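Visitor: What would the 3D arrangement of this be:
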Amino acid sequence: MAGIDNMIRQIEDEAKAVCDDVTSKARAKAEAIVADAKAEAERIAAGSKRKTAAKVADIEKRGESSAALEERKVALYTKQSIIGDMLNKGLATAKNLPDDEYFELILKMIAKNSQPNDGVISFGQKDLDRLPQNFIAKINSVSKGKLTLSDKAAAIDAGFILSYGGIEENCSFDAIFMSEADNLSDRAGKLLF
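Guide: Numbering: from 1, shown residues only. The predicted model follows:
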């Protein structure tokens, strides 16, 4: 798992660099907006200082407020984009683990998600083609109930589907990442920012 930690650290470093660059650009844009507002205020002030003093202050205040709002919007968009990219990379990393690590993760997921009933487990075609020897026996050694392998491939590319009677539990990586998206985004945001 050290490889995954290194990949996560690399993703975090890349995300921080991108965020710093975008924040710097947003700050420069904000400074340009403030400078434009001040230039406009000075032009107005040259005409009639007494009359325009209130207008100058208002224009500067609106310019600073507008610049601050723009900077916050850009920073928020950048953070959301970085977190989304990080989650997508994490999903891709999980899907492309070496076979031994991948199927070890599958066993942990079965231990966590199985029910104490007899059921059926379905894998996508890619996983069916590379199932390790005696994997069903390993599955049943960690499962809370007896699971049999479905004779049909599931329409998923990673993970599995558990069926108990007419009830299915989608444990595909895509479904898990989607159901945990908010939680993962919050955790990634705390790590990065």
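Visitor: How much space separates I110 from S122?
Guide: Remark: distance between I110 and S122 (Cβ to Cβ, to the nearest Å) = 12 Å. Every C-beta, even on glycine, is put in place using the N, C-alpha and C of the backbone.
Visitor: quick one: common contacting residues for the two?
Guide: Residues touching both I110 and S122 (Cβ atoms under 8 Å, 6 or more residues apart in numbering) are 160, 162.
Visitor: Just give me the neighbour total for G159.
Guide: The tally of other residues near G159 (other Cβ atoms under 10 Å) stands at 25.
Visitor: you'd agree it is up against A175?
Guide: Yes. G159 lies in contact with A175 (Cβ atoms under 8 Å); the separation is 7.2 Å.
Visitor: any idea where the strands of the protein begin and end?
Guide: 119-123, 147-149, 159-164, 167-172 (DSSP state E).
Visitor: Can you say which of those strands is nearest to P98?
Guide: strand 159-164 (16.3 Å; Cβ to Cβ).
Visitor: Spatially nearest residue to R130 (excluding sequence neighbours)?
Guide: D99 (5.9 Å; Cβ to Cβ, 6 or more residues apart in numbering).
Visitor: now do E31
Guide: With sequence-adjacent residues excluded and distances taken as Cβ to Cβ, 6+ apart, E31 is closest to A67, at 7.5 Å.
Visitor: Could you verify my assumption that that neighbour touches A28?
Guide: No. A67 is beyond contact range of A28, at 10.5 Å (criterion: Cβ under 8 Å).
Visitor: can you give me the helices in this structure?
Guide: With DSSP state H as the criterion, the chain has helices at 2-47, 49-95, 99-113, 125-130, 135-142, 173-179, 181-192.
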